[in-house]
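J.: my questions concern the predicted model and sequence given below.
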Amino acid sequence: MSYTTAELMISLMAKEIKDGYRVLQGLYSPMPMLACLLAKNLHAPNMVYFNTSDAVDPSPSEVPFSTAGPKLQENCIAYMPLVEVFDLAQRGELDLIFLGAAQVDMYGNTNLSVIGDFRKPKVRLPGGAASAYLCAFMNTVIWVPRHNAKVFVEKVGFITGQGYINGWDTRERLDIPFGGPQKVITNLCIMDFEPKTKRMRLVSLHPGVSLDDVINNTGFELIIPEEIPQSPEPSQEELDFIRSIDPNNVRELEFK
Amino acid sequence: MEKRLYSLEDAIAKFVSDGDVVAIGGIGRNRCPMEAVREIIRQGKKDLHIVGREKGMDFDMLIGAGCVRKVSFALVSLEEFGLAPNFRKFAQEGKIEIDEHACGSIINSIRASAMGIPSIPVRGLIGSDVFRYNENIKEFVCPFTGEKMVLVKAVNPDVAIIHAHRADEYGNIQIFGSYWEDILMAKGAKKVIVTVEEIIEHEEIRKNPFNTAIPYFYVSAVVHAPRGAYPTSCDSYYNYDDEHIKEYAKLAKTEEGFNEYLKKYVFK
């Protein structure tokens, strides 16, 4: 079966969405957008899909390039401004959001703010959007289209999105016991967090990827389990759906 | 009801002052009040403190044109067209004051303004360096439950600038699509400028009151500005122009290029 890395990642991200979940998709999130639509249309019909177009459960004929674009309101059930989706999140009634990162460290902390000093940075990055807010109390999945040692660093210089901070029970000690990153899905593999130390751990390798590929492209020591399965490939049904709803290849945006 | 129909030039001249806190509607490349942004640049406004949740070209242009003293934001980006070049350059050179938020805190700082309260408790942010570096977000313990949260200070915009679909000449505003923070901004600001695609008869407003997103008494000036969100989108009226945004992203990388862009599209 032939598929692109984007198609594989979308299928794997969709698998994180269980039926009945309430999921929010953010701005500049092409793969999360497709993962949400895929889940809703195939294995999770009872999921509630919110997005940055303020639309509840849209069913667009094709996906737009801007993930807050008008096309992403098509056939929606209601408009719900983000402030109200956040209210839902604060009530503990939002299950998942996918978040991106310029840097991720071994405890799943993400940086989307600055490289260098905050007041006079070497590189000013765009900012983390909802990260600092939702990462304190929600389950998140981090997606990284380019798995390399510049992205996966031992310690981020600036925590935009809270992972497990310094690992172990740091979150409990800071009174933010709920939520945190559940998975990290990259172009090479899937990772999660070892429950006790909260250190990042390899879960599975994508087809054709070797353990060395992952180790050499990660700037810290990953926990490697004894048995490493292969990440599941997308089904034909999934690929057909993704391709039918994305005739303009929006899914490949982050790989250009 | 008083008529509030202004030319864009008069509305910006009268209601936007140097040093103002200016909330700007829309998000990303969708329904941003771009014609108003271009007019602010043409009038050479200075020392503005601009406020918005997830912003793009609008913020980047105002910063590059030297109109901005301070930026309150959760994200400023040109999305797939790259980092916002002026925002990046001015921040790196320490030429703008950075008030970095998360979406949940900036929305609530606007919401608190609309609610008429000085600050608002919000969950989240604890453990993030965004919280550590933001002096407008403080730790807060609920006196009733003992839960640890944060308090976000109201941003209290002097003026909100929004692009909408239709209005009558009294400033009753109809929006057909996502609101984002536009309504909270209008309700939280002292002065409100709304540019619209179409001016309609007052009777049309009375016939469909469910379509009124912002009633007249919030609005200082309504301006007829067809395609006023261009090159960002305006729901069913027109889509974003990615070719234009790509051209901007390319030109704005250098000062000469940015000036060329301004000459071609702003000071034309």
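T.: Now that the structure is in, tell me what you want to look at.
J.: and B:Phe176, what pLDDT?
T.: On the pLDDT scale, B:Phe176 is placed at 95.
J.: in this structure it contacts B:His165, no?
T.: Yes. Here B:Phe176 lies in contact with B:His165, judged by Cβ atoms under 8 Å, at a distance of 5.0 Å. Where you see a C-beta, it was placed from the backbone N, CA and C, and this is true even at glycine.
J.: burial count for A:Met31?
T.: Neighbours of A:Met31 under the rule other Cβ atoms under 10 Å in any protein chain shown: 27.
J.: just checking, it is part of a helix?
T.: Yes. Assigned with DSSP: H, G, I helix; E, B strand; the rest coil, A:Met31 falls within a helix.
J.: of B:Phe176 and B:His165, who's got more company?
T.: For B:Phe176 versus B:His165, neighbours defined as other Cβ under 10 Å are more numerous around B:His165 (21 against 17).
J.: gap between the helix or strand containing the more buried one and the chain center?
T.: If you go by DSSP states H and E, B:His165 is part of strand B:159-167. Remark: strand B:159-167 is offset 10 Å from the chain centroid, using Cα atoms, centre = their mean, to the nearest Å.
J.: for the following helix or strand past that strand, which strands pair with it and how are they oriented?
T.: Downstream of strand B:159-167, the next assigned helix or strand under DSSP H and E is strand B:173-174. Here strand B:173-174 is paired, per DSSP bridges, with strand B:159-167 (antiparallel), strand B:212-214 (antiparallel).
J.: got the contact list for the helix or strand that the shortest one is followed by?
T.: Pointing back at strand B:212-214 there. Once the chain leaves strand B:212-214, the next helix or strand it forms, by DSSP H and E, is strand B:221-224. For strand B:221-224, contacts defined as Cβ atoms under 8 Å, 6 or more residues apart in numbering or on different chains pick out B:4-8, B:10-11, B:14-15, B:36, B:167-171, B:173, B:192-196, B:198-199.
J.: and the strand holding B:His165, what's its mean pLDDT?
T.: Averaging pLDDT along strand B:159-167 gives 98.
J.: output that strand as CSV, restricted to C-alpha atoms.
T.: C-alpha atoms of strand B:159-167 as CSV (Å, rounded to 0.1, in the frame of the first residue of the first chain):
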residue,chain,number,x,y,z
VAL,B,159,-10.8,51.3,20.6
ALA,B,160,-11.9,48.1,18.9
ILE,B,161,-11.6,47.8,15.1
ILE,B,162,-13.7,45.1,13.4
HIS,B,163,-14.7,44.2,9.8
ALA,B,164,-18.2,42.9,9.4
HIS,B,165,-20.6,42.0,6.7
ARG,B,166,-23.5,44.5,6.9
ALA,B,167,-24.7,47.4,8.9
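J.: in that strand, what's buried?
T.: B:159-167 (16 or more other Cβ atoms under 10 Å in any protein chain shown).
J.: could I get the residues you listed as TSV with distance to B:Val76?
T.: Below are the buried residues of strand B:159-167 laid out as TSV (distance: Cβ to Cβ, whole Å):
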residue	distance to B:Val76
B:Val159	20
B:Ala160	18
B:Ile161	17
B:Ile162	18
B:His163	18
B:Ala164	23
B:His165	25
B:Arg166	29
B:Ala167	28
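J.: list just the nearest of the residues you listed to A:Arg251.
T.: Closest approach to A:Arg251 among the buried residues of strand B:159-167 (Cβ to Cβ): B:His163, at 30.0 Å.
J.: nearest to chain A among the buried residues of strand B:159-167?
T.: Proximity to chain A was ranked across those by Cβ to the nearest Cβ; first place goes to B:His165, at 11.5 Å.
J.: tell me who's in contact with the closest one.
T.: B:174-177, B:196-198, B:234-235, B:237.
J.: give the buried subset of these as a ChimeraX selection command.
T.: To isolate the buried members of the contacts of B:His165 in ChimeraX, using 16+ other Cβ under 10 Å:
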select /B:174,175,176,177,196,197,234,235,237
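J.: got JSON lines for the contacts of B:His165, with secondary structure too?
T.: As requested, the contacts of B:His165 are exported to JSON lines (three-state DSSP):
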{"residue": "B:Gln174", "secondary structure": "strand"}
{"residue": "B:Ile175", "secondary structure": "coil"}
{"residue": "B:Phe176", "secondary structure": "coil"}
{"residue": "B:Gly177", "secondary structure": "coil"}
{"residue": "B:Val196", "secondary structure": "strand"}
{"residue": "B:Glu197", "secondary structure": "strand"}
{"residue": "B:Glu198", "secondary structure": "strand"}
{"residue": "B:Cys234", "secondary structure": "strand"}
{"residue": "B:Asp235", "secondary structure": "coil"}
{"residue": "B:Tyr237", "secondary structure": "coil"}
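J.: pick out the most distant pair among the contacts of B:His165.
T.: The most widely separated members of the contacts of B:His165 are B:Gly177 and B:Glu198, with 14.4 Å between them, by Cβ to Cβ.
J.: mind checking how far whichever residue of the stretch 1-150 of chain A sits closest to chain B is from B:Pro226?
T.: Chain B sits closest to A:Tyr133 of the stretch 1-150 of chain A, with a gap of 3.2 Å, by Cβ to the nearest Cβ. Distance of A:Tyr133 to B:Pro226, computed by Cβ to Cβ, to the nearest Å: 37 Å.
J.: which of the two has more neighbours?
T.: The neighbour comparison of A:Tyr133 against B:Pro226 (other Cβ under 10 Å) goes to A:Tyr133, with 33 against 15.
J.: re the thing from before, and for B:Phe176 and B:His165, which residues touch both?
T.: Common contact partners of B:Phe176 and B:His165 (Cβ under 8 Å, 6+ apart): B:Asp235.
J.: what is the burial count for the residue nearest to A:Leu72 when sequence neighbours are not counted?
T.: Among residues not flanking A:Leu72 along the chain, A:Ser53 sits closest, at 4.1 Å (Cβ to Cβ, 6 or more residues apart in numbering or on different chains). A:Ser53: 31 surrounding residues under other Cβ under 10 Å.
J.: quick check: A:Ser53 is in a strand.
T.: No. Assessed with three-state DSSP, A:Ser53 is coil; it does not lie in a strand.
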